[in-house]
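In: Sequence plus predicted model, see below.
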Amino acid sequence: MALYDQRADIPVSTFVDMLTQARRHIDVLVYAAVFLHEAYPRLNDLLRERAADGCAVRIAIGDPDSVNVQQRGTEERFGHGIESRCRLALMHYRPLAGVPGIEVRTHATTLYNSIYRADDPALVNAHVWGVNAGPRQSRSVGL
């Protein structure tokens, strides 16, 4: 187990390596996590490759029209920023629509953690009330 002060302290290669090594399933539960596509433009290709090899891929992005996502923006004092990030994330994943083995959905829940799981290993980014889950967020844990 490793503990990082901020999500930004985790090298993108850690996420990529974890997803690349997945054989059974990849599960991502986030509000947006646009940093993944921005830092690793081949993310959709990697997910297609994993799915083609029989790995089930499930991505859940925050529904930008949901009350809970909008409330999170208010709590973060980030306004519509979180809603915009959710829309951007959905746009990034749109090319995966209809790819066998890949599900991209939205959720309307309040998240206390962003979760990135690939088979057994997981990275969990704890959300702090009133703080944006980006670079200044504290306490990300890799398992």
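Out: Okay, I see it. Numbers count the residues shown, from 1 in each chain.
In: can you pull the buried residues of the longest helix seen in the chain?
Out: Criterion DSSP state H: the longest helix present in the chain is helix 81-93. Residues of helix 81-93 classed as buried by neighbour count (16 or more other Cβ atoms under 10 Å): Ile82, Glu83, Arg85, Cys86, Arg87, Leu88, Ala89, Leu90, His92, Tyr93. For every residue, glycine as well, the C-beta is placed using N, CA and C.
In: Find me the pLDDT at Val4, would you?
Out: Wrong residue type there; residue 4 is Tyr, not Val. Each residue has a pLDDT score; the one for Tyr4 is 82.
In: Just put the buried residues of helix 81-93 in JSON lines and tack on distance to Tyr31.
Out: Formatted as JSON lines, the buried residues of helix 81-93 follow (distance: Cβ to Cβ, whole Å):
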{"residue": "Ile82", "distance to Tyr31": "6"}
{"residue": "Glu83", "distance to Tyr31": "9"}
{"residue": "Arg85", "distance to Tyr31": "7"}
{"residue": "Cys86", "distance to Tyr31": "6"}
{"residue": "Arg87", "distance to Tyr31": "11"}
{"residue": "Leu88", "distance to Tyr31": "11"}
{"residue": "Ala89", "distance to Tyr31": "8"}
{"residue": "Leu90", "distance to Tyr31": "11"}
{"residue": "His92", "distance to Tyr31": "13"}
{"residue": "Tyr93", "distance to Tyr31": "13"}
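In: quick one on the thing from earlier: give the rounded mean pLDDT of the longest helix of the chain.
Out: Averaged over helix 81-93, pLDDT sits at 93.
In: Check which element follows it along the chain.
Out: Following the chain from helix 81-93 toward its C-terminal end, the next helix or strand by DSSP states H and E is strand 102-107.
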